[in-house]
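K.L.:
A predicted structure for the sequence below; I have some questions about it.
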Amino acid sequence: MTTYFCMRHGLTEWNRESRIQGATDISLCDEGRDMARKWAGTLAGGGLQCILTSTLDRARETGAILNEVLGLPVYEDARLSEQEWGEWTGLTKTELKKLHKLVRKQESKGFDFRPPGGESRNELLMRACDALLEFPEDHDEESVLVVTHNGVLRALAYALTGLDYLPQDRNPLVEYRLHRFLCMDNELAVGELNMEL
């Protein structure tokens with residue numbers, strides 16, 4: 001069994017502005033770097049054996065700051081990157097609210113939610129699952145810290161807790177917490193969500 005401890009990257013300026021980043025490569029802001037330094041202290045001594053990050057700057061930088069303390073092998077996988085939001089990339093939440101009819105129509109599709117020109121939640125979930133199911137081929141029985149994105153974490157949490165990702169479903173995740181997922185016999189399962197960081 002491989003145990004994944006999954007977390008979101010630190011804060012960016014676009015996060016502060018409530019702007020959709022999608023697959024755009026945005027670096028951490030100073031507050032995000034401070035968050036990562038704080039998390040490194042919390043994670044030290046936790047028995048982690050390696051770090052796996054998405055290939056986007058904000059996740060890689062978070063992993064690099066954490067690793068200044070943890071000192072672990074680091075691996076990257078582009079399949080753990082954020083959902084591609086297509087034409088809605090760069091919009092703020094306020095600007096997105098002006099498109100409420102289009103957004104509501106997409107949200108009512110659950111995992112088939114797809115921004116115009118973007119990627120569906122289901123496609124995001126499939127590539128993230130592929131990454132997490134393949135990684136144990138060389139890292140069985142290891143505890144792995146995964147630095148990824150809110151979209152990836154939410155897709156995994158909704159799917160693995162049996163939710164359809166519909167507007168009436170309560171978000172099972174609290175932001176900036178640690179989530180434990182288990183990989184055993186080529187299947188993923190929830191260990192524990194929303195652990196303190």
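P.N.:
Received, thanks.

K.L.:
Average pLDDT for the helix or strand in which Arg104 is found, rounded please.
P.N.:
Secondary structure from DSSP states H and E places Arg104 in helix 100-107. Average pLDDT, helix 100-107: 94.

K.L.:
between the following helix or strand past it and helix 100-107, how big is the angle?
P.N.:
Per DSSP H and E, the first helix or strand lying C-terminal to helix 100-107 is helix 121-134. Calculated by axes from the mean of the first three to the mean of the last three Cα atoms, to 10 degrees, helix 121-134 forms an angle of 40 degrees with helix 100-107.

K.L.:
Where does the prediction get shaky in the protein?
P.N.:
Counting by pLDDT under 70, the chain shows no low-confidence range.

K.L.:
Show me which strand runs longest in it.
P.N.:
strand 187-195 (DSSP state E).

K.L.:
Now tell me what touches the helix holding Arg104 from outside.
P.N.:
Contact with helix 100-107 is made by Leu96, Lys97, Phe113, Arg114, Pro115, Pro116, Leu166, Pro167, as judged by Cβ atoms under 8 Å, 6 or more residues apart in numbering. Quick note: C-beta positions are derived from backbone N, CA and C, even for glycine.

K.L.:
PyMOL command to pick out the buried ones of those residues?
P.N.:
Entered in PyMOL, the line below selects the buried ones among these, by 16 or more other Cβ atoms under 10 Å:
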select buried, resi 96+113+114+115
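
K.L.:
how much space between the nearest residue to Thr148 once chain neighbours are set aside and Leu166?
P.N.:
Closest residue in space to Thr148, ignoring its immediate chain neighbours: Leu80 at 4.6 Å, by Cβ to Cβ, 6 or more residues apart in numbering. Applying Cβ to Cβ, to the nearest Å, the value for Leu80 to Leu166 is 24 Å.

K.L.:
With adjacent residues omitted, what lies nearest to the residue nearest in space to the middle of the chain?
P.N.:
Nearest to the mean C-alpha position of the chain, by Cα atoms, centre = their mean, lies His149 at 2.6 Å. Of all residues not flanking His149 in the chain, Glu82 sits nearest, at 3.8 Å (Cβ to Cβ, 6+ apart).

K.L.:
I figured the one you found was touching Ile26, is that so?
P.N.:
No - with contacts defined as Cβ atoms under 8 Å, Glu82 does not count as touching Ile26, sitting 9.7 Å away.

K.L.:
could you check the angle helix 121-134 makes with the longest strand of the chain?
P.N.:
When the same axes, to 10 degrees is applied, the directions of strand 187-195 and helix 121-134 differ by 100 degrees.

K.L.:
now what about strand 187-195, what contacts it?
P.N.:
With Cβ under 8 Å, 6+ apart as the contact definition, strand 187-195 has outside contacts at 3, 129, 132-133, 156-157, 160-161, 172-174, 177-182.

K.L.:
Need the buried ones from those residues selected in PyMOL.
P.N.:
Of the contacts of strand 187-195, the buried ones go into a single PyMOL selection, burial set by 16+ other Cβ under 10 Å:
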select buried, resi 3+129+132+156+157+160+172+173+177+178+179+180+181
